[in-house]
Every structure is written in C-alpha cells, then in structure tokens.
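Asker: Give me a 3D structure for the following:
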Amino acid sequence: MRENATEPESKLLRAWQLAVLRFAVTLDDDDRMHALGVAGEVDRLGGAADNAFHFFRRTTAELCAAISGQGADQDAVVRRFLAQIDNVRLKRAVEAAIAKDHTKDRTPPKLVASRVKPGADLWRGLPSRRATGA
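Answerer: Below you'll find the predicted structure:
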C-alpha cells in the first residue's frame, strides 16, 4: 500500500487485498466478482470522470487468473501482489491460501513450510498436576 494514502484509501486498498485473499481461499466465482467490484471502487478513487482508470480491475483479473492456475506468468503475477502487501499476517494468509491449492505443483512458501508443527512434547517443561484427595 502507498505510504501517503489517506485513511479511506487505505481501508479500501485493504478491503481489496482481503477480497483477493477470499477468492484465493474459496476460488468461488462470486468471490472473484466481489474482488473485481472492490477493484472498481479503488479505480474510481483515481477521479477519472470517463472511468478510464482500470489498473485495479485489470490487476485483479490477472491475479484471479493466476491464482486459479490460468494465465501467463502466474508466479510473477502473484509475487508482485505479495510484494505490495505490507501487513505480514495478510501476506502469510495469501501465501498459505495459494500454497493450499498448488501443493502438487510447487513447494509451499518458505513462511508456511518453516512453521514448527506441534509434536508430542507439547506439554514438556510444564509441572505435572497432582491429584489431591479430599
């Protein structure tokens, strides 16, 4: 997101990113249409009276195609989108959603793959409870 964006612009850009995330999780056509709708709202912030500014709608269409496994240069499109996300939790969520759908095609992102899985030693180091009889 832009550093000099105003509060309403920042909220709308975040809503767009979340809409793309929702599509990445569900791959549902309704969620794709919602993301395109939010992208249209962001494009209207450009103030073009003839509605000629279509950057976010075009980007959303490319992103949705790349996430769905269609379109040219899918990885580059997704990497550009991830590079624009400044919120670490949102970036991880998008990476995880995309990795979920493409695990057979590629390795999971480093952030997802490097997470420590809880093991049998979950309770190690905690004092044991003593049953007290009354």
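
Asker: Kindly indicate whether Phe23 is helix, strand or coil.
Answerer: helix (DSSP: H, G, I helix; E, B strand; the rest coil).

Asker: looking at it, it is touching Ala66, isn't it?
Answerer: No - if you go by CB atoms under 8 Å, Phe23 and Ala66 don't touch, sitting 11.0 Å apart. (Glycine included, C-beta is placed from N, CA and C.)

Asker: all strands of the chain, in order?
Answerer: Remark: strands of the chain are absent; assignment by DSSP state E.

Asker: So for the closest residue to Leu45 other than its chain neighbours, what's the pLDDT?
Answerer: Leaving aside its chain neighbours, Leu45 sits nearest to Glu9 (5.9 Å; criterion: CB to CB, 6 or more residues apart in numbering). Per-residue pLDDT puts Glu9 at 84.

Asker: any idea how far Glu9 lies from Thr60?
Answerer: Glu9 is 17 Å from Thr60, where distance means CB to CB, to the nearest Å.

Asker: Make sure His34 is actually in contact with Ala19.
Answerer: Yes - in terms of CB under 8 Å, His34 counts as a neighbour of Ala19; the distance is 5.4 Å.

Asker: Name the residue in the two with the higher neighbour count.
Answerer: Shown here are His34 and Ala19; by other CB atoms under 10 Å, Ala19 has more neighbours (20 against 16).

Asker: so what's that one up against?
Answerer: Taking CB atoms under 8 Å, 6 or more residues apart in numbering, we find Ala19 in contact with 31, 34-35, 37-39.

Asker: again, but for Asn87
Answerer: So Asn87 contacts 14, 17 (CB under 8 Å, 6+ apart).

Asker: can you check the one 3 residues further on too?
Answerer: By CB under 8 Å, 6+ apart, the contact set of Leu90 is 14, 17-18, 21.

Asker: ok, now with 10 Å
Answerer: Leu90 sits next to 14, 17-18, 20-21, 82 when contact means CB atoms under 10 Å, 6 or more residues apart in numbering.

Asker: And it, how far from Arg124?
Answerer: Counting by CB to CB, the gap from Leu90 to Arg124 is 33 Å.

Asker: same question, Ala24
Answerer: 36 Å.
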